[in-house]
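> Predicted model and sequence follow; I will ask about them next.
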Amino acid sequence: MQLRRIFEITLVAITLLAFVGNVDAKRRVRTFGDKEKSSETTKNKKDTKKTDEKPFAEMIKDKVAIEGLFTFYHDTIDNSYLMAVKPEQFGPIYLLGLTRSASEGAYFDNGTMSSTFPFFFKRVGKKIMLMEKNLRFRADESSPLKRALDRAVSDHLRSSTTVASKPDDSTGAILVKPAEFFLKDITNIGYYMNRGLKTGLSFDKGNSYFETVKGFPENTEIDVRLHFKTSKPISASTMQNPYSMFHVYHYSLSSLPETDYMPRLADDRIGHFQTIYQDYTNLDEETPYVRYVERWHLKKKDPTAALSEPVEPIVFWVENTVPEEYRPAVVDAIEFWNPAFEKIGFKNALVAKQMPDTADWDPADTRYNVVRWMIIPGGSYAVGPSRANPFTGQIYDADIRFSSDWVRYMYNRMEYFIDPVSFDGSTPGETGFDEVAPELEGINNYRMCNYGAEAAKEAAFASAYLSVATDDLADKDEAIKKYVRTYITEILAHEVGHTLGLRHNFKASSVYTLDQINDTEFAREHGTICSIMDYGPPNIAGPGRVQGDFYSTIPGAYDDWMVEYAYSEFDAATPKEELPMLAVIAGKAAKPELAYGTDEDAFGWSTRSVDPYCNLHDAGNDPLGFALHRISLTRELWHNSIPTFEKPGARYQKLYGAFLAGWRSYGELALIAPKYVGGITRNNLHVGDAPGKPPFEVVPASDQRRAVAALRDHLFAANVFDLPDGLLNKLQPERFPDFAFSVYGRSVDYPFHQRVLAAQNTALARLYSSAVIGRLLNNVDRFGADEDKYTMHDMFTEVRRAIWSEVTGPANVNSFRRQLQLAHLTRIIGIYLSLPSQYPSDARTLAANDLDILSRAARSAAGAGNLNAMSRAHYKEVVRQIEAASNASHYYGSSVIRR
């Protein structure tokens with residue numbers, strides 16, 4: 001009864017509250033509505049006043065006009081800018097090219113061509129949008145599929161601003177504030193600096209500003225200085241203040257060139273950069289992809305002449321920042337390519353000019369192609385990017401930039417500091433075979449060129465070797481000077497090749513023998529390499545050979561072929577009409593000197609690369625023989641370094657630098673030799689180019705065995721790293737302080753054992769990678785029925801015997817072999833305990849077999865009486881590790897270690 005009474009009282013209360021609430025709600029609604037109507041009226045009056053743009057003439061009063069493709073108005077008092085956009089400039093497509101022209105000198109370099117994209121202006125009410133045109137998918141305007149494509153694929157908004165003025169009375173142009181377009185972190189510096197480094201760096205728009213705006217009839221050039229700030233100090237030796245960083249970016253806005261240029265269709269047998277899109281005009285085509293060669297627009301002045309100058313040559317200006325002593329070498333690099341163009345009828349296709357000190361034009365101006373000298377402390381690189389019309393592939397701008405320290409690096413030979421190496425033979429931050437740097441994830445990076453940086457290391461080795469191999473001082477100085485000149489020309493000619501639209505060819509070095517390369521008469525006719533677009537090392541003849549040219553002095557056969565395909569003139573009205581003539585040129589692909597393999601074939605030194613003849617920094621038709629030749633040069637360098645560099649008054653750091661340079665040879669052997677194991681040669685030939693030659697051919701078993709034997713004798717053997725007496729005690733690192741405080745961060749004693757193991761681990765990492773082992777499994781079926789086969793069992797057995805020869809004696813094991821054996825054992829155990837998805841089952845079986853053999857042999861050796869204490873302890877440790885692995889899992893594929 002009591003509960004019921006409480007319920008009734010509660011129900012009445014709820015009803016009353018609901019009624020009162022409803023009345024109050026109605027009152028509130030009416031009141032709000034009246035106020036809203038009143039406030040809207042007031043707001044509309046304010047908005048009308050606010051959005052009533054000022055007259056165009058009033059806005060530009062007292063401002064400096066900068067006329068050009070787009071007219072800008074500069075307020076010289078507060079350094080603000082207005083930009084005029086005419087009615088006819090809404091809709092048409094323009095090109096935007098972005099270059100980082102100055103940086104902080106530590107994390108990002110200057111002179112980088114960041115991006116080029118087509119854009120157009122679009123007006124939506126008071127908004128002015130800068131839109132990026134999507135050209136990846138196209139269709140003819142008359143095709144019904146064009147309408148479907150427009151609905152399926154959109155353009156992209158880059159940035160937007162608002163209308164700032166009434167239309168101009170005469171032109172109809174309106175004004176906008178361009179800061180919203182150009183004062184922004186367009187290259188995502190903040191993102192990349194925070195993703196890995198966690199610097200806290202962010203874009204500071206308030207302290208960013210326009211530096212210059214220049215106008216020309218077909219282009220407008222803009223420089224902006226962007227500021228980035230952080231509350232965390234950034235570690236960079238080039239930054240005086242670790243909380244502040246400025247970058248300068250150069251925007252080039254240009255109209256699309258109107259010429260009679262005709263695009264050229266690409267061929268997969270020849271390496272050119274390409275402009276690619278999908279064409280949906282005709283669905284009957286085999287593929288929607290259309291691929292145009294990227295090239296300059298070269299036309300003969302006299303089409304009837306066998307040899308004629310072009311109407312417009314490709315002109316490169318040597319920037320006035322290039323030191324005078326290097327300018328002749330730069331000019332030689334630019335004009336290096338002219339012989340290749342002469343073979344197809346062009347005289348002086350490339351012209352080098354010197355930028356005068358009084359020049360009033362900006363090197364970043366897209367109307368000028370410039371070879372630029374950069375100051376990047378510690379940087380050693382040279383790169384040659386270009387910009388192409390995204391519709392046709394016509395190259396219209398290119399710059400080559402190289403750092404001053406790129407040359408200095410060779411003279412200093414190597415950094416005179418100790419690089420930290422851990423006791424397992426790895427270095428902090430060391431990139432694995434198949435890892436990709438985080439900042440490159442998802443980025444099409446086939447245009448990257450690292451030749452300059454790597455060539456500087458090769459140059460350090462060559463310079464050090466020439467110092468110890470030449471007895472006469474005058475000859476030595478002259479040899480090194482000659483080398484420097486040819487070195488600069490070689491690297492820059494490679495980069496000029498990129499600006500011509502030419503890609504890397506890492507098989508170009510695999511044609512001639514070392515004897516042919518050192519035959520000056522042969523080399524002056526054919527070159528030392530078939531293409532300068534390879535990463536060719538300096539040619540060092542060594543003892544017993546006459547020294548030839550250090551680098552090629554002429555374009556190679558493959559260089560001529562690339563130029564012939566891209567730049568030959570044909571009497572054709574459309575790109576497809578050129579195909580029969582182009583097919584004749586491309587049909588030469590089966591010639592040995594035209595062998596081709598590029599970035600996605602070499603993959604750096606990744607295990608994804610299958611071809612042992614497609615390498616970076618090798619020479620000759622026998623890459624393994626080249627690697628062994630380089631080992632012999634290093635042995636000579638190390639043997640002669642003390643008498644060469646230990647002179648009264650000299651600093652021991654010179655000796656130390658020469659010693660460091662020699663390690664490169666062991667790294668090359670560790671990378672080249674394992675590529676033979678499970679190796680497959682590959683070509684790009686079409687059917688009929690070379691009847692009977694398939695795209696893939698397995699490396700002969702004899703060559704694979706030779707590669708393992710080379711590792712056994714020159715990288716794994718017990719005595720291969722014997723040094724001259726006293727050398728280690730003379731490896732003095734740099735003790736002068738520097739901006740990076742290097743003397744405080746690294747040890748002064750050289751980590752010799754760790755460095756040896758690092759080289760050995762490089763070879764083991766590839767040999768026992770899942771990719772190579774899987775290839776060994778599949779390659780058995782690539783061999784002919786009666787052909788000698790190289791199997792997975794062969795590799796496991798030969799490597800085990802090469803590394804564990806002492807255990808069968810048994811014999812004492814020196815310190816180098818002990819650490820190598822345990823490194824090998826770790827990899828075998830890793831395969832034994834791997835998941836079924838990681839390795840073939842045969843690999844786990846062979847790993848178990850290796851462990852059984854080693855366990856029995858090590859157990860027996862540990863009990864032998866003729867061993868020293870360290871060797872006996874080592875064998876006991878081997879037994880313990882194998883037992884632990886056996887106990888960890890009693891079935892294959894376990895991912896759980898059980899004790």
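Perfect, thanks for sending it. What you are looking at is a predicted structure, and each value in this text was computed from that prediction instead of being measured.

> The stretch 701-850 of the chain: helices as residue ranges?
If DSSP state H, counting those that start in this stretch is used as the criterion, the helices of the stretch 701-850 of the chain fall at 701-711, 742-745, 752-767, 770-779, 792-803, 815-832, 841-862.

> can you redo these as JSON lines with mean pLDDT?
Shown next, in JSON lines, are the helices of the stretch 701-850 of the chain (pLDDT from 0 to 100):
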{"stretch": "helix 701-711", "mean pLDDT": "99"}
{"stretch": "helix 742-745", "mean pLDDT": "75"}
{"stretch": "helix 752-767", "mean pLDDT": "96"}
{"stretch": "helix 770-779", "mean pLDDT": "97"}
{"stretch": "helix 792-803", "mean pLDDT": "98"}
{"stretch": "helix 815-832", "mean pLDDT": "98"}
{"stretch": "helix 841-862", "mean pLDDT": "97"}
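
> would you turn these into JSON lines with mean neighbour count and distance to residue 317?
C-beta coordinates here come from the backbone N, C-alpha and C atoms, glycine included. Below are the helices of the stretch 701-850 of the chain laid out as JSON lines (neighbours: other C-beta atoms under 10 Å; distance: least, C-beta to C-beta, whole Å):
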{"stretch": "helix 701-711", "mean neighbour count": "19", "distance to residue 317": "47"}
{"stretch": "helix 742-745", "mean neighbour count": "12", "distance to residue 317": "37"}
{"stretch": "helix 752-767", "mean neighbour count": "21", "distance to residue 317": "43"}
{"stretch": "helix 770-779", "mean neighbour count": "19", "distance to residue 317": "46"}
{"stretch": "helix 792-803", "mean neighbour count": "19", "distance to residue 317": "54"}
{"stretch": "helix 815-832", "mean neighbour count": "20", "distance to residue 317": "53"}
{"stretch": "helix 841-862", "mean neighbour count": "19", "distance to residue 317": "57"}
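
> Adding distance to residue 338, write those helices out as TSV.
Formatted as TSV, the helices of the stretch 701-850 of the chain follow (distance: least, C-beta to C-beta, whole Å):
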stretch	distance to residue 338
helix 701-711	39
helix 742-745	45
helix 752-767	41
helix 770-779	43
helix 792-803	49
helix 815-832	52
helix 841-862	54
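
> how about these, which one is nearest residue 360?
helix 742-745 (42.0 Å; C-beta to C-beta).

> Contacts for that closest one next, please.
417, 734-737 (C-beta atoms under 8 Å, 6 or more residues apart in numbering).

> which among the residues you listed gets closest to residue 504?
So of the contacts of helix 742-745, ranked by how close each gets to residue 504 (C-beta to C-beta), first place is residue 417, at 31.3 Å.

> helices and strands of the chain: which one has the lowest mean pLDDT?
helix 2-50 (a mean of 41; mean pLDDT, DSSP states H and E).

> Does anything pack onto the next helix or strand after it? Which helices or strands?
Note on helix 2-50: by DSSP states H and E, the next helix or strand toward the C-terminus is helix 56-59. The contact analysis (3 or more C-beta pairs under 8 Å, 6 or more residues apart in numbering; DSSP states H and E) places helix 56-59 against strand 174-176.

> so after the strand it packs on, what's the next helix or strand?
Strand 174-176 is succeeded, C-terminally, by helix 179-182 (DSSP H and E).

> I'd assumed residue 244 was in contact with residue 208.
No: in this structure, residue 208 is not within contact of residue 244 by C-beta atoms under 8 Å, at 11.9 Å.

> Give me the common contacts of the two.
Common neighbours of residue 208 and residue 244 (C-beta under 8 Å, 6+ apart) are residue 227.

> Kindly reformat the contacts of helix 742-745 as TSV containing pLDDT and neighbour count.
Listed next are those as TSV, based on pLDDT from 0 to 100; neighbours: other C-beta atoms under 10 Å:
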residue	pLDDT	neighbour count
417	40	20
734	86	19
735	85	13
736	86	9
737	83	10
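
> List just the nearest of the residues you listed to residue 611.
residue 417 (36.1 Å).

> Would you map out the domains in this structure?
1-52, 56-255, 314-421+445-767, 792-888 (automatic domain parsing).

> how about CSV for the ones you listed, with distance to residue 773 added?
Putting the domains of the chain into CSV (distance: least, C-beta to C-beta, whole Å) gives the following:
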stretch, distance to residue 773
domain 1-52, 70
domain 56-255, 32
domain 314-421+445-767, 8
domain 792-888, 5
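
> if we look at stretch 56-75, which residues are touching it?
By C-beta under 8 Å, 6+ apart, stretch 56-75 touches 76, 80-85, 89, 94, 164-169, 173-175, 178, 213-220, 253-255.

> Give me the pLDDT value at residue 89.
For residue 89, the pLDDT comes out at 97.

> what about it, distance to residue 374?
35 Å (C-beta to C-beta, to the nearest Å).

> ok so, going back, where among the domains of the chain is the average confidence lowest?
Among the domains of the chain, domain 1-52 scores lowest, with a mean of 42.
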